[in-house]
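Colleague: model this:
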Amino acid sequence: MEQETLQELFIEQIRDLYDAEKQIVKALPKVAKAAGSQELASALQQHLAQTQTHVSRLERIFELQGTAAKGKACKGMKGLLEEGSEATKEGEQGPLRDVAIIAACQKVEHYEISAYGTARTLADRLVLREAIQLLQQTENEEEQADEKLTTIATSLYAGLSGSAAAPKTRNAGG
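Modeller: Numbering: from 1, shown residues only. Model prediction:
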């Protein structure tokens, strides 16, 4: 692949991430409000602030590349957020709904971890040192958010009947 073509692919990936993060910024307040657990609501509010920082980092990467900060419709994130919205409305507020919200949020986190890893790899191939650092920092934060959600889900399982049969997995969604 030619360097110019790889550069265009990199910008396309950053635009996709930019739109995804902006969609998340809009969705997180509603998800946090639907959470029954104060710990989950607080974690989601903290991640909202962090997501706003992710948007700023992407804007810096656009600036470094000399291109306008604009998104490309991220259909994958749109679908994940629609599923998450359904989880906030199903059943009564309580541990089961919170675990469903966490499962939906972890799908989003895993999408982001993958997308940031891909963008970082492209930046590495293009030798974009500052972009590599910014993307890695965000990828690390997404991994930490995923781990925090797993911790919260694990504590919520105690409030569910049949929790002894709950599998011990890396994330709430299995």
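Colleague: C-alpha only now, for contacts and for neighbours.
Modeller: OK.
Colleague: contact partners of stretch 81-94?
Modeller: Contacts with stretch 81-94, where a contact means Cα atoms under 8 Å, 6 or more residues apart in numbering, come from 24, 27, 31, 34-37, 97, 100-101, 104-105, 108.
Colleague: rerun that using 6 Å as the cut-off
Modeller: For stretch 81-94, contacts defined as Cα atoms under 6 Å, 6 or more residues apart in numbering pick out A34, G36, A100, I101, A104.
Colleague: how about the residues you listed in JSON lines, adding secondary structure and distance to Q45?
Modeller: Shown next, in JSON lines, are the contacts of stretch 81-94 (DSSP: H, G, I helix; E, B strand; the rest coil; distance: Cα to Cα, whole Å):
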{"residue": "A34", "secondary structure": "helix", "distance to Q45": "12"}
{"residue": "G36", "secondary structure": "coil", "distance to Q45": "13"}
{"residue": "A100", "secondary structure": "helix", "distance to Q45": "17"}
{"residue": "I101", "secondary structure": "helix", "distance to Q45": "14"}
{"residue": "A104", "secondary structure": "helix", "distance to Q45": "16"}
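Colleague: farthest-separated two in those?
Modeller: Distance extremes for those: the farthest pair is G36 and A104 at 15.1 Å, using Cα to Cα.
Colleague: who has more neighbours, these two?
Modeller: A104 (22 against 16; other Cα atoms under 10 Å).
Colleague: list the contacts of the more buried one.
Modeller: G84.
Colleague: buried ones in the strand or helix carrying R60?
Modeller: Using DSSP states H and E, R60 sits in helix 38-65. Neighbour-count burial for helix 38-65 flags 40-41, 43-45, 47-48, 50-51, 54-55, 57-62 (criterion: 16 or more other Cα atoms under 10 Å).
Colleague: and for stretch 125-141?
Modeller: The neighbour-count check on stretch 125-141 (16+ other Cα under 10 Å) flags L126, A131, I132, L134, L135, Q136, T138, E139, E141 as buried.
Colleague: restricted to helices, list those residues.
Modeller: A131, I132, L134, L135, Q136, T138, E139, E141 (DSSP state H).
Colleague: quick check: chain neighbours aside, which residue is closest to the first one?
Modeller: Okay, so that is A131. Distances taken as Cα to Cα, 6 or more residues apart in numbering put I61 closest to A131, at 5.8 Å, once the chain neighbours are dropped.
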